[in-house]
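A.B. asks: Predicted model and sequence follow; I will ask about them next.
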Amino acid sequence: MDLSKYAALFLAESREHLNACNGSLLEWERAPTSLEPVDRLFRAIHTIKGMAATMGYAGVAQLAHAAENLLDAIRHNRVSADPAIFQLLFRVVDTLGGAVEAADGTEQAADADLIVELDAAALASQGTRTRAEANPESDDSQALPTSPPIPESKLRRATDAPRSRPVQVVISRGAAMRGARAALVLRRAEAFGAVSGVQPPLAQLERDEFDGRFFFRLQSERPEQEIEATLMAVGEVQSVQFKEPALGGDAGGPRRQIRVDLRRLDALMKQVGELVVAKNRLAALTAEADDAALIELSGRISRLVSSMQAEVLASRMTPVGEVFERFPRLARDLSRELGKQIRFDMEGEEIELDRSILDEIGDPLLHLIRNAADHGIEPPDQRVAAGKSSEGRILLSAARERNTVALRVTDDGRGIDRARILAKAHREGVAADEVDTLTDDLLVRVLARPGFSTAGTISGVSGRGVGVDVAMTRVRALGGTLEVRTELGRGSTFLIRVPLTLAIVRALLAEAGGERYAVPLAYVAETVEFDRRAVTSVRGRETLVVRDQVIPTVHLQDLVSTRKASRSARQPTVILEVGDRRTALVVDALLGQQDIVVEPFDAPRGLPPFIGGATILADGKPALILDAAALL
Amino acid sequence: MANPPALHAVIFRIGEIICAAPAGIVREILPRLPATRIPGVPDAVEGLVNVRGSLLTVLDGHLLLEQPRREADEGAIVVLEVKGRSYGLGVGQVIDFLEVPAGSVVERRDLPGVDPRLVKAVGLHAAQHFILLDVDALFAPIIGA
């Protein structure tokens, strides 16, 4: 059988399981006596082994098998978990990760050294092992305690995988705790061989929607009757059948999921985008015609396209947790590397973002977390001396705010020393000499200068001055913003704000000098009327007073046009808001709202930064999109 | 006897100058379309046009070659591919699609009224000289990096 077409699926599923492995390991490391994370880790590695064996990736399967042996020894108290074991298991997960990514259908050699180490650790019985408790300071790199010789035969296993057979199980309708029953069935099945391809996925078995029907593949040559009897013995099992699940069916049943190549969703998104433009055009044309039937049809098409657009957008939304889940491990490794105590917490993992934005947001967050660990959190002795707990805290959080998602990296570390940054900014000519205070706004611009670093020394973690710079560049490319709040001695918060979705944007159309511009609604706080009488001048800059708030103004016509136009006393004004910064954009007229599709175009030289892109309006004419962040 | 290799070219007029672009880089020829001006960019950028739902940046051929516009010209956009990207060149009139024997095109760069750096070669067609434009050089000051 040609398995190559399953390679992508294998990769995707393995990545999920490896992420789960990291999560379980971290949890276990925090509470070494708890058994639950061990079980989860065991199941995840077991599943990877099964899938790898099915795919013929013997190297992956061998390594997973050796890890499984060690875990089994721990579960049965033959070996106790200590820092060296955790470090070994983290290495296994990393190595498996590398092997999984490299697996391409060709035979891959297993990491023999690591397998030897695993086997040594698994075979070391409690009596002969140096207990970790006796030496809690033990270094990770320290060689493992004396190990008995490894029989050659132990290095070659799991290569001749038995055939995998489909198993369908139905838990009785009235059974309580169907999820737990299903888990029990799977546990029993694992006694026969590797279990893989569980549908619905394990995480869903514990949900209320789970109707008791599930499917998995079992690698075993044992007779069907024996397997069936064992599984039925769990109790409340209605049936066990050895056949493939029926396609389709289950209409109106529990939610089912399939994996879709992102490129398909991208193509679909693009077409829906064009459909939205066509729909807008149709609506504009219909409005001119006086034909009731046409108007009704156009209205119907419009509603259909809108709901289709919503569905396609929804299908691309992915929880930020998918990107967040790699960071606890990063924070753990950083705290070791830097000799600091860091507690890493996450909030809002369920907040959803468009897949294309999510794919780009990991790197900026990575840089900000590294910065927080390296520059923010102080070494334990300094923290204690400053009256803080020796353990620093980094919080990564996501929250939905209007049409944007706010991602925050907050630390309770030393904060940023504005005086020091300002001095450096003066020296490097980044800030004008007369600037004597660094606002948060100016601070982030200084920090984001390429190569600007305040670190006295360059560590392996950060200090080369690329972190904020890279984060800023990436975030701006997504149409987002980066802000900082910091208090000396108390800590800092870096805030990334990104739009929910890139492709289709609700925008306000504004006119200036006879030209139309689109302003994304995500950054529009309100629209007011520009009244000459409410204008004041602050440090030579025109500002508008709106409900006791002084807001600097920008006249769109001045911005986009070289010719000076006469200004009327009252003009519509759009209050743009990014974070807590505001700007009043004075325009000639407001032309209503429209869904616009951001269209790529080859920009000529000299394109001003306040032009964020272009689109095609309902009447078929192109219009430019203003970048709110650049206007502030 | 084998024919000498021929040059396929699209012939168009910008102001008073007859120009040619190698057919290999001409993607299509469009009628004149209303363009949306882009603020802040060089004057020779006419703006953005909507070509069947996609955006095309159009450059003003008359400004690039410093030629006056003829009242009677209908105007057209010749879409050219430069460095993997497509740009429109606004011209006065598209005249012909030609197969010119390579022998009738000579490398000559001094032609009155035209910046010699923009001329790749000069050819003869229907008793009139035409210049084969160096499109890369023509667009270089305008298009982004």
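C.D. replies: It's in.

A.B. asks: can you list the residues of chain A near chain B?
C.D. replies: A:274, A:277-278, A:515, A:559-561, A:599-608, A:611, A:614, A:616, A:620-624 (CB under 8 Å from any CB of the partner chain). In short, each C-beta sits where N, CA and C put it, glycine included.

A.B. asks: Can you select the buried ones from those residues in ChimeraX?
C.D. replies: This is how ChimeraX selects the buried members of the residues of chain A next to chain B, with burial counted by 16 or more other CB atoms under 10 Å in any protein chain shown:
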select /A:274,277,278,515,559,560,561,599,601,602,603,604,607,611,614,616,620,622,623,624
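
A.B. asks: ok, is whichever strand or helix holds residue B:57 in contact with chain A or not?
C.D. replies: Element membership of residue B:57, judged by DSSP states H and E, is strand B:54-60. Yes: shown here: strand B:54-60 in contact with chain A (CB under 8 Å from any CB) through B:54-57, B:59.

A.B. asks: What's the first helix or strand after that strand?
C.D. replies: Using DSSP H and E, the helix or strand that follows strand B:54-60 in sequence is helix B:61-64.

A.B. asks: so of the residues of chain A next to chain B, which ones are in helices?
C.D. replies: Within those, residues falling in helices by DSSP state H are A:274, A:277-278, A:559-560.

A.B. asks: and which of those is nearest to chain B?
C.D. replies: residue A:560 (3.9 Å; CB to the nearest CB).

A.B. asks: for the closest one, what are its contacts?
C.D. replies: Shown in contact with residue A:560 (CB atoms under 8 Å, 6 or more residues apart in numbering or on different chains): A:512-513, A:515, A:517, B:39-40.

A.B. asks: rerun at 10 Å
C.D. replies: Contacts here follow CB atoms under 10 Å, 6 or more residues apart in numbering or on different chains; on that basis residue A:560 touches A:512-513, A:515, A:517, A:608, A:610-611, A:624, A:626, B:37-40.

A.B. asks: Where does pLDDT dip in chain B?
C.D. replies: Counting by pLDDT under 70, the ranges of chain B that qualify are B:1-5, B:108-110, B:144-145.

A.B. asks: that older thread, now tabulate the contacts of residue A:560 in JSON lines and tack on distance to residue B:75.
C.D. replies: Listed next are the contacts of residue A:560 as JSON lines, based on distance: CB to CB, whole Å:
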{"residue": "A:512", "distance to residue B:75": "27"}
{"residue": "A:513", "distance to residue B:75": "24"}
{"residue": "A:515", "distance to residue B:75": "21"}
{"residue": "A:517", "distance to residue B:75": "26"}
{"residue": "A:608", "distance to residue B:75": "27"}
{"residue": "A:610", "distance to residue B:75": "30"}
{"residue": "A:611", "distance to residue B:75": "26"}
{"residue": "A:624", "distance to residue B:75": "23"}
{"residue": "A:626", "distance to residue B:75": "30"}
{"residue": "B:37", "distance to residue B:75": "16"}
{"residue": "B:38", "distance to residue B:75": "19"}
{"residue": "B:39", "distance to residue B:75": "23"}
{"residue": "B:40", "distance to residue B:75": "25"}
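
A.B. asks: for these, which one is nearest residue B:86?
C.D. replies: Nearest to residue B:86, judged by CB to CB, of the contacts of residue A:560 is residue B:38 at 16.1 Å.

A.B. asks: count of residues packed around the nearest residue to residue B:60 once chain neighbours are set aside?
C.D. replies: Closest residue to residue B:60 apart from its sequence neighbours, by CB to CB, 6 or more residues apart in numbering or on different chains: residue B:46 at 4.5 Å. By the measure other CB atoms under 10 Å in any protein chain shown, the count of residues near residue B:46 is 23.

A.B. asks: so which helix or strand takes in residue B:46?
C.D. replies: Per DSSP H and E: residue B:46 is located in strand B:45-51.

A.B. asks: Convert the C-alpha atoms of that strand to PDB, please.
C.D. replies: Provided in PDB are the C-alpha atoms of strand B:45-51 (Å, rounded to 0.1, in the frame of the first residue of the first chain):
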ATOM      1  CA  VAL B  45       2.800  56.500 -11.600                       C
ATOM      2  CA  GLU B  46      -0.700  57.000 -13.100                       C
ATOM      3  CA  GLY B  47      -2.200  54.800 -10.300                       C
ATOM      4  CA  LEU B  48      -4.100  51.600  -9.800                       C
ATOM      5  CA  VAL B  49      -6.600  50.100 -12.200                       C
ATOM      6  CA  ASN B  50      -9.000  47.200 -11.800                       C
ATOM      7  CA  VAL B  51      -8.200  44.400 -14.300                       C
END
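
A.B. asks: Residue A:74: what's it in contact with?
C.D. replies: A:28, A:32, A:35, A:38, A:41-42, A:80-81, A:85, A:89, A:121-122.

A.B. asks: Farthest-apart pair in those residues, please.
C.D. replies: A:35 and A:121 (18.2 Å).

A.B. asks: Pick out whichever of these two has more residues nearby.
C.D. replies: The neighbour count for residue A:35 versus residue A:121, taken as other CB under 10 Å, is higher for residue A:121 (24 against 11).

A.B. asks: Sort out which one of the residues of strand B:54-60 next to chain A lies nearest chain A for me.
C.D. replies: Closest approach to chain A among the residues of strand B:54-60 next to chain A (CB to the nearest CB): residue B:55, at 3.9 Å.

A.B. asks: is it true that residue B:139 touches residue B:58?
C.D. replies: No: judged on CB atoms under 10 Å, residue B:139 makes no contact with residue B:58 at a distance of 11.6 Å.

A.B. asks: show me where the stretch 401-550 of chain A has helices.
C.D. replies: Ranges of helices in the stretch 401-550 of chain A, per DSSP state H, counting those that start in this stretch, are A:418-427, A:440-447, A:467-477.

A.B. asks: Over to chain B?
C.D. replies: B:61-64, B:135-139.

A.B. asks: quick one: terminal-to-terminal distance for stretch A:471-487?
C.D. replies: Taking CA to CA, to the nearest Å as the measure, stretch A:471-487 stretches 21 Å from start to finish.

A.B. asks: Of all residues in the stretch 301-450 of chain A, which one is closest to chain B?
C.D. replies: Counting by CB to the nearest CB, the stretch 301-450 of chain A gets nearest to chain B through residue A:305 (14.6 Å).

A.B. asks: Now for that residue, how many residues are close by?
C.D. replies: Neighbours of residue A:305 (other CB under 10 Å): 19.

A.B. asks: so who does it touch?
C.D. replies: Taking CB under 10 Å, 6+ apart, we find residue A:305 in contact with A:272, A:275-276, A:278-280, A:282-283, A:595.

A.B. asks: likewise residue A:320?
C.D. replies: Contacts of residue A:320 (CB under 10 Å, 6+ apart): A:346, A:348-353, A:357-358, A:361-362, A:365, A:396-398, A:405, A:407.

A.B. asks: and with 6 Å instead?
C.D. replies: With contact set as CB atoms under 6 Å, 6 or more residues apart in numbering or on different chains, residue A:320 has these partners: A:351, A:353, A:398.

A.B. asks: Please name the nearest non-neighbouring residue to it.
C.D. replies: Nearest non-adjacent residue to residue A:320, counting by CB to CB, 6+ apart: residue A:398, 4.6 Å away.
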